[in-house]
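Trainee: can't give you the sequence, but here's the structure:
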């Protein structure tokens, strides 16, 4: 093995930039076509994003391509929890929980603007509960285990609550059979925002990253993967690399088959869905875990600003991975759980947004997906390509580290990972409590951009009209659309409304009404023709209509 003289990560670039990191799509494409890279990562979800960041931080010449948009697959449709996973303790997978809680701590340290502490409440009910009073003592023992293996790092241990304390957190919870509650603490994040920040941090360290760039074939040299043929914006070009990583999640088998025509599928997709209702319909101040009568799966209800997110399901999926939505049956399932637990009555008309995503599970074709372990698998295929599958959002940093360890094996080099303490863009020096206390626009921008919020603020200072909201009822500003085009490689209305902001999830119909205004701003920034703007707006509106059709009319997903 040869030890690389790895350059140290340019922490000033990633942590204390004095000017905004602007990403020029045309220049990135030229560099990808002209240069040769140590490693090419295919797949722009959270695992691929952390892999390219790890590679860049070690001093490798690294590139990443994503066929759609960063986090457009599973990584924008997760439960958004950065957690150890109580269920994994129940399954006996204590090592995964211990490691996940350590990674949760690292996320909160390296990205304090994006990863926030979140209380979880388990009501103790006399009957038809998540668990009744007889089981509460045993469940509290499980919470002690959770605290001891790493939960304590969040700064709070679990608590037993009285009935009044439970109702203070969840005043609409049905109180007839309520005997108290148990509360413990985990964390949450805007998953799409996290992935984008990872990708931008990698770019600040020298990586070349590109969305809308589909790998259509692998380049092979001497029987080994040596890059990929990529199509982006109608242009086809080759990206040459000494090592290739397949981090495409539920699409991993398709990419593996490019290197090995005899490849046997390994991924078992499991579908999970979430729906969103207005906060005033439920009025909770934390995450409440509720029972669904006759079902083994518990549902969670999480406050997110002026909304509540209900989720999730866990079922086998055999449809197209490119067209995954919440169905009427799945929505009714989640509404049933919420209506059983809370007073009032939620109906389909109350659902303002929905998402459906696929977990790329590995390791078994039998049994329920709910019972499958969430461990990751990393291997080197016959063509020398490194493939990573499985895992979960919380452990993505470590997965990225292990992936690049494998890449180093392929390259015959050695260099340590540096991501354990590497702040993400906007994270260094960020004080979450101080920013939250400021309220208003400063708090909104701070929780999205961290210390880089000043660059969005500069846009507003130069043009005060950019402070105007872009989607009715939501805090996103016109300046954020401009910044998305200049600095975040946003190409379309969907990129902005579905992932650069989360307007589609939290206010689907209002986001559709805002599509023409977003399209006009993108057109100005990207130099698009009116026909290109119109097509982008129409594509978004068609996608929203399809989502609503599947959700409300029971059409096939």
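Mentor: Nice, thanks for sending it over. Only a predicted model underlies this, so the values are computations on that prediction, with no experimental measurement involved.
Trainee: who touches the top helix by length along the chain?
Mentor: Taking residue count as the measure and DSSP state H as the definition, the longest helix of the chain comes out as helix 530-553. The contact list for helix 530-553, computed with CB atoms under 8 Å, 6 or more residues apart in numbering, reads 325-328, 331, 348, 351, 354, 492-494, 497, 504, 508-509, 511-512, 515-516, 518-520, 522-523, 528, 555-557. In this view, the C-beta of every residue, glycine as well, is placed from N, C-alpha and C.
Trainee: Tell me which of those fall in helices.
Mentor: By the criterion of DSSP H, membership of these in helices covers 328, 331, 493-494, 504, 508-509, 511-512, 515-516, 518-520, 522-523.
Trainee: Pick the one among these closest to residue 22.
Mentor: Nearest to residue 22 among the ones in helices among the contacts of helix 530-553: residue 522, at 15.4 Å, using CB to CB.
Trainee: correct me, but residue 254 touches residue 260?
Mentor: No: taking contact to mean CB atoms under 8 Å, the distance of 11.8 Å between residue 254 and residue 260 leaves them out of contact.
Trainee: ok, the residue most central in space within the chain to residue 118 distance?
Mentor: For the chain, the residue nearest the mean C-alpha position is residue 191 (2.6 Å; CA atoms, centre = their mean). Here residue 191 is placed at a distance of 14 Å from residue 118 (CB to CB, to the nearest Å).
Trainee: And the longest helix of the chain, what's buried?
Mentor: Neighbour-count burial for helix 530-553, counted by 16 or more other CB atoms under 10 Å, picks out 533, 536, 537, 540, 541, 543, 544, 547, 548, 550, 551.
Trainee: and which of those residues is nearest to residue 80?
Mentor: residue 547 (18.6 Å).
Trainee: quick one: the closest one and residue 286, what's the gap?
Mentor: Residue 547 sits 28 Å away from residue 286, taking CB to CB as the criterion.
Trainee: now residue 206
Mentor: Residue 206 is 41 Å from residue 286, where distance means CB to CB.
Trainee: Same check on residue 440?
Mentor: As it turns out, when the distance is counted by CB to CB, residue 440 lies 23 Å from residue 286.
Trainee: Among these two, which residue is more densely surrounded?
Mentor: Here residue 440 and residue 286 are compared on neighbour count by other CB atoms under 10 Å; more neighbours surround residue 286, at 15 against 8.
Trainee: Quickly find the element holding the nearest residue in space to the more buried one that is not next to it in sequence.
Mentor: Ranked by CB to CB, 6 or more residues apart in numbering and with sequence neighbours excluded, the top spatial neighbour of residue 286 is residue 119, at 4.1 Å. Residue 119 belongs to strand 115-125 when elements are defined using DSSP states H and E.
Trainee: Now do the buried residues in the next helix or strand after that strand.
Mentor: The first helix or strand that comes after strand 115-125 along the chain, using DSSP H and E, is helix 133-148. Of the residues in helix 133-148, those with enough neighbours to count as buried (16+ other CB under 10 Å) are 136, 139, 140, 143, 146, 147.
Trainee: Return the list of strands paired to the helix or strand following helix 133-148, each annotated with direction.
Mentor: Secondary structure here is assigned by DSSP H and E; on that basis, the next helix or strand after helix 133-148 toward the C-terminus is strand 159-161. Neighbouring strands of strand 159-161 in its sheet, by DSSP bridges, are strand 178-189 (antiparallel).
Trainee: got the contact list for the following helix or strand past the strand it pairs with?
Mentor: Scanning the chain past strand 178-189 towards its C-terminal end, the next helix or strand to appear is helix 191-204 (assignment: DSSP H and E). The contact list for helix 191-204, computed with CB under 8 Å, 6+ apart, reads 10, 13-14, 17, 21, 23, 44-46, 49-50, 52-53, 55-56, 62, 64, 70-71, 75-78, 80, 111, 114-115, 209, 393, 422, 424-426, 448, 487-488, 498-500, 502.
Trainee: Specify the angle between helix 191-204 and strand 115-125 in degrees.
Mentor: Put simply, helix 191-204 runs at 160 degrees to strand 115-125, going by axes from the mean of the first three to the mean of the last three CA atoms, to 10 degrees.
Trainee: Flag the shaky bits of this protein, pLDDT-wise.
Mentor: Counting by pLDDT under 70, the low-confidence segments of the chain come to 1-17, 127-135, 293-297, 363-374, 554-557.
Trainee: repeat that for 80
Mentor: 1-18, 87-88, 90-92, 126-138, 291-298, 363-375, 554-557 (pLDDT under 80).
Trainee: picking up where we left off before, which among the buried residues of helix 530-553 gets closest to residue 267?
Mentor: Nearest to residue 267 among the buried residues of helix 530-553 is residue 550, at 23.0 Å by CB to CB.
Trainee: on that earlier part again, please narrow the contacts of helix 191-204 to those residing in strands.
Mentor: Among the contacts of helix 191-204, the subset assigned to strands under DSSP state E consists of 62, 64, 115, 209.
Trainee: Please indicate which of those residues has the highest neighbour count?
Mentor: When neighbours are counted by other CB under 10 Å, residue 64 leads the ones in strands among the contacts of helix 191-204 with 32 neighbours.
Trainee: my guess is that residue contacts residue 45, does it?
Mentor: No: between residue 64 and residue 45 there is no contact, the gap being 10.4 Å when judged by CB under 8 Å.
Trainee: Now for these two: what residues contact both?
Mentor: When contacts are counted by CB under 8 Å, 6+ apart, residue 64 and residue 45 are jointly contacted by no residue.
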